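[1] Sharing a model prediction with you, sequence too.
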Amino acid sequence: MSNTDNHPDEIRCRTADTPVGDLRHPRVDVITSREVPLGGPRAMPVRRTLPQRRRSLIGAWCFVDHYGPDDVARTGGMDVAPHPHTGLQTVSWLFTGEIEHRDSHGVHALVEPGEVNLMTGGHGICHSEVSTPATTTLHGVQLWVALPDANRDAPRDFQHHVPPVVRLPGADVKVFLGSLAGEVSPVTTFTPLLGAEIVLDASTHITLDVDPSFEHGVLVDNGTIELFDTVLGCAELGYVGTGVATLELTNTSDAPARIVLLGGTPFGEEIVMWWNFVGRDHDEIVAFREEWEREADRFGSVAGYSGKVARLPAPALPHARIRPRRNPPSEDPNGRKQDHS
């Protein structure tokens with residue numbers, strides 16, 4: 001998915017370890033989304049949770065868009081012309097609808113509900129995304145994973161996986177990345193990650209065993225969820241730092257509630273994000289943009305896309321150089337601020 005903002009912020013993301021304080025009552029930070037337009041003839045809206053000024057990264061997860069349920073007849077659905085990526089992997093996960101994916105690795109595939117598509121665009125790739133004519137309602141998440149420095153020049157790749165439904169007492173779980181509830185995804189990532197869809201039964205409570213070296217984010221798709229003692233509503237993301245070995249989740253709704261659970265070890269590197277590029281400094285972003293505009297071989301080309309424009313032009317660069325954007329300072333168990341930058 002493209003960041004179609006015509007005036008994208010330049011963001012320098014830096015991770016700090018974030019202890020959660022008293023592990024009997026872990027601190028939960030609530031991150032709210034902001035609405036941004038996503039292409040299409042009537043600009044389908046999406047809810048963007050990451051990156052935010054309050055938090056740039058959860059593990060290597062650096063971008064979280066949540067959209068729908070979207071009436072395609074009203075909004076025009078998704079039609080994102082070929083656009084570039086560097087230094088990241090894109091993770092597509094749908095609840096309803098269907099998206100046609102084409103990329104410069106030669107892949108032509110459908111994104112369908114309950115099936116994960118992961119595209120690697122390290123050195124450079126471009127792709128298009130279009131909701132299919134059969135789609136009446138579009139609903140899902142689009143996620144980006146930052147690649148670590150050792151792998152950020154990785155070649156183009158594409159992986160597809162259909163995770164089984166794991167039934168737990170009170171919930172159904174689909175693990176699309178990493179491992180949870182005894183299920184391990186075969187999809188390859190370059191840092192330890194977790195990605196899962198969880199549907200909680202009505203008025204139920206579950207306890208999930210998780211890796212305490214991970215930080216975690218719980219994104220609520222529908223219903224009302226309590227993460228430990230913190231209430232999360234639709235499109236809110238609850239963040240819990242490292243050191244927690246179990247997550248306590250309660251569906252207080254009288255109907256099933258769905259969440260997306262994201263996790264990973266703190267990224268530990270500084271990255272720069274602008275438009276659809278992840279790099280390491282301002283000058284590198286400038287070079288990526290220049291190569292995209294002159295149609296350099298770095299990104300290749302997409303065959304078969306038939307939208308109104310052949311490719312998305314890059315927005316104008318801001319006049320200022322990138323300024324660092326850090327995650328919030330840590331707190332020790334006594335609530336004292338700690339700056340690890």
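    The structure has been received and is ready for your questions.
[2] May I see the buried residues of the helix or strand in which E290 is found?
    Assigned by DSSP states H and E, E290 belongs to helix 282-293. Residues of helix 282-293 classed as buried: H282, E284, I285, A287, F288, R289, E291, W292 (neighbour count, 16 or more other C-beta atoms under 10 Å). (Each C-beta comes from the backbone N, C-alpha and C, glycine too.)
[3] and if you look at stretch 165-176?
    Within stretch 165-176, the residues scored as buried using 16+ other C-beta under 10 Å are V166, L168, G170, A171, V173, K174, V175, F176.
[4] Ok, stretch 198-216 next?
    Judged by neighbour count (16+ other C-beta under 10 Å), stretch 198-216 contains these buried residues: I198, V199, L200, D201, T204, I206, L208, V210, D211, F214, E215, H216.
[5] Need the max-distance pair from the residues you listed.
    Across the buried residues of stretch 198-216, the longest distance by C-beta to C-beta is 26.7 Å; it joins D201 and E215.
[6] if you skip the residues just before and after it, what's nearest to the residue sitting nearest the centre point of the chain?
    Geometric centre of the chain, nearest residue: L143, 2.3 Å, by C-alpha atoms, centre = their mean. In space, and not counting its chain neighbours, L143 is closest to V91: 4.2 Å by C-beta to C-beta, 6 or more residues apart in numbering.
[7] so who does that neighbour touch?
    Applying C-beta atoms under 8 Å, 6 or more residues apart in numbering to V91 gives the contacts V116, N117, L118, Q142, L143, W144, V145, F176, L177, G195.
[8] again with P82
    Counting by C-beta under 8 Å, 6+ apart, P82 has contacts R102, S104, C126, H127, S128, S301, V302, Y305, A310, R311, L312.
[9] How about P26?
    V20, F228, V240, G241, G243, V244 are the contacts of P26 under C-beta under 8 Å, 6+ apart.
[10] cool, and H25?
    For H25, the contact set (C-beta under 8 Å, 6+ apart) comprises F228, D229.
[11] wait, is it part of a strand?
    No: counting by DSSP: H, G, I helix; E, B strand; the rest coil, one finds H25 to be coil, located in no strand.
[12] Tell me the confidence at it?
    Looking at H25, its pLDDT is 76.
[13] what residues are up against the residue nearest to T242 when sequence neighbours are not counted?
    With sequence-adjacent residues excluded and distances taken as C-beta to C-beta, 6+ apart, T242 is closest to E215, at 5.3 Å. E215 makes contacts with T18, I58, G59, Y239, V240, G241, T242, G263, G264, T265, P266, as judged by C-beta under 8 Å, 6+ apart.
[14] And what about the last one, helix, strand or coil?
    Right, P266. Three-state call for P266 (three-state DSSP): coil.
[15] do you know how far it is from P155?
    P266 is 26 Å from P155, where distance means C-beta to C-beta, to the nearest Å.
[16] my guess is S128 contacts M78, does it?
    No: counting by C-beta atoms under 8 Å, M78 is not a contact partner of S128; they are 10.0 Å apart.
[17] Restricting to C-alpha, output stretch 218-228 in CSV.
    What follows is stretch 218-228, C-alpha atoms only, in CSV (Å, rounded to 0.1, in the frame of the first residue of the first chain):
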residue,chain,number,x,y,z
VAL,A,218,-3.2,-4.7,20.2
LEU,A,219,-5.2,-3.0,17.4
VAL,A,220,-9.0,-3.2,17.9
ASP,A,221,-11.0,-3.8,14.7
ASN,A,222,-14.4,-4.1,16.2
GLY,A,223,-16.0,-4.4,19.7
THR,A,224,-14.6,-3.1,23.0
ILE,A,225,-11.5,-4.8,24.4
GLU,A,226,-9.9,-4.5,27.8
LEU,A,227,-6.1,-5.0,27.6
PHE,A,228,-5.3,-5.7,31.3
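[18] Pull the distance from it to the chain's centre.
    From the chain centre to the centre of stretch 218-228 is a distance of 17 Å (C-alpha atoms, centre = their mean, to the nearest Å).
[19] Residues contacting it, please?
    With contact meaning C-beta under 8 Å, 6+ apart, stretch 218-228 is reached by 25-26, 28, 49, 64, 66, 95, 141, 200, 231-238, 240, 247-253, 255-262.
[20] May I see the PyMOL selection of the buried members of those?
    Here is the PyMOL command that selects the buried residues among those (16+ other C-beta under 10 Å):
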select buried, resi 26+28+49+64+66+95+141+200+232+234+235+236+237+238+240+247+249+250+251+253+256+257+258+259+260+261+262
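[21] Next step: the contacts of stretch 218-228 restricted to strands.
    Using DSSP state E, the members of these that fall in strands are 49, 64, 66, 95, 141, 200, 231-232, 237-238, 240, 247-251, 257-262.
[22] for H83, what are its contacts?
    Applying C-beta under 8 Å, 6+ apart, we find H83 in contact with S2, C126, H127, S128, N276, R311, L312.
[23] Rounded mean pLDDT for the helix holding E290, please.
    Helix 282-293 carries an average pLDDT of 97.
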